[in-house]
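In: Sequence and predicted structure are below.
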Amino acid sequence: MSCPKCGKDYTGVPVISRADNKTNICLRCGFVEGLEAAGHTGEKMEALVKAFDDSAEIIMEYLNGKYDGGLLQRKR
């Protein structure tokens with residue numbers, strides 16, 4: 001499916017847009033709409049979206065059998 005908000009193809013269950021409460025959008029756009037609704041902006045919002053994107057990448061690698069565990073290593 002293609003997300004009408006960002007135009008990117010996505011798989012999985014869509015979420016309902018907060019903008020009109022009826023349009024199906026991708027999970028990432030739904031996450032961004034939720035952050036906006038909660039009042040997040042600027043660098044904090046960018047950091048949260050990056051964390052979301054990184055998590056999605058890990059999940060897809062795991063599901064495709066390509067996850068090496070490296071992205072979860074935290075620097076101390």
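Out: Cool, the structure landed. Worth saying up front: this structure is predicted, and the values here are computed from it rather than measured.

In: mind listing the strands for the chain?
Out: Under the criterion DSSP state E, the chain carries strands at the ranges 15-16, 24-25.

In: Now the most centrally placed residue in the chain. Nearest residue, chain neighbours left out?
Out: When the chain is reduced to its mean C-alpha position, the nearest residue by Cα atoms, centre = their mean turns out to be R28, at 3.0 Å. Counting by Cβ to Cβ, 6 or more residues apart in numbering, R28 lies nearest to F52, which is 6.5 Å off, once chain neighbours are set aside. For every residue, glycine as well, the C-beta is placed using N, CA and C.

In: Check the offset of the helix-or-strand element of the chain with minimal mean pLDDT from the chain's centre.
Out: Of all the helices and strands that make up the chain, helix 42-63 has the lowest average by mean pLDDT, DSSP states H and E, namely a mean of 86. Distance of helix 42-63 from the chain centroid (Cα atoms, centre = their mean, to the nearest Å) equals 6 Å.
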